[in-house]
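Asks: Have a look; sequence and predicted model below, questions after that.
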Amino acid sequence: MAVPKKRTGKSAQATRRANWKASKPEVVTCPNCGAFALAHTVCTACGYYKGKPVSLKDAAATEVVEEKKTTKKTSKKAEKVEEKAVEEVKTEVKEEKKAEVKEEKKPAKKTTKKTEKKSEEKAE
């Protein structure tokens, strides 16, 4: 039986142990429901693996998810139309604000002693 001649030093022991590291598990989005799932495993949210239902009790739940997906497609179109309308209103408001700021920022005529005297003479 192999027995070491000398005791392993602390630094050698520490450097050997330093190479053992924990790693993060590989996470992938499920193509069926979009939830995060471990790679090469059944999705815990919908019960699908590679596009096929694996567990029967979760298959019924996925039908509900699929129905929601179809309704989301129509609502996405409506959302895009609403977003465009909102953006148009925002641009109009920005243009109005810019016009107001330009009116406020018009430089006042600089008054000098000569112009003050002329304005006083005109007032009298």
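Replies: That came through fine.

Asks: So which residues of the protein form helices?
Replies: In the chain, the segments counted as helices under DSSP state H are 10-18, 56-104, 113-123.

Asks: Not counting its neighbours along the chain, what's nearest residue 39?
Replies: Nearest residue to residue 39 in three dimensions, chain neighbours excluded: residue 26, at 4.1 Å (CB to CB, 6 or more residues apart in numbering). The C-beta positions use only the backbone N, C-alpha and C, and glycine is treated the same way.

Asks: how near is the one you found to residue 45?
Replies: Residue 26 sits 17 Å away from residue 45, going by CB to CB, to the nearest Å.

Asks: How about residue 121?
Replies: Here the distance between residue 121 and residue 45 works out to 86 Å (CB to CB).

Asks: what do you get for residue 17?
Replies: Applying CB to CB to residue 17 and residue 45 gives a distance of 38 Å.

Asks: Which one's more surrounded, these two?
Replies: Using other CB atoms under 10 Å as the criterion, residue 17 and residue 45 rank with residue 45 on top: 17 against 8.

Asks: got the contact list for the residue lying closest to that one once chain neighbours are set aside?
Replies: Nearest non-adjacent residue to residue 45, counting by CB to CB, 6+ apart: residue 35, 3.8 Å away. Contact criterion CB atoms under 8 Å, 6 or more residues apart in numbering gives 29, 43-46 as the residues in contact with residue 35.
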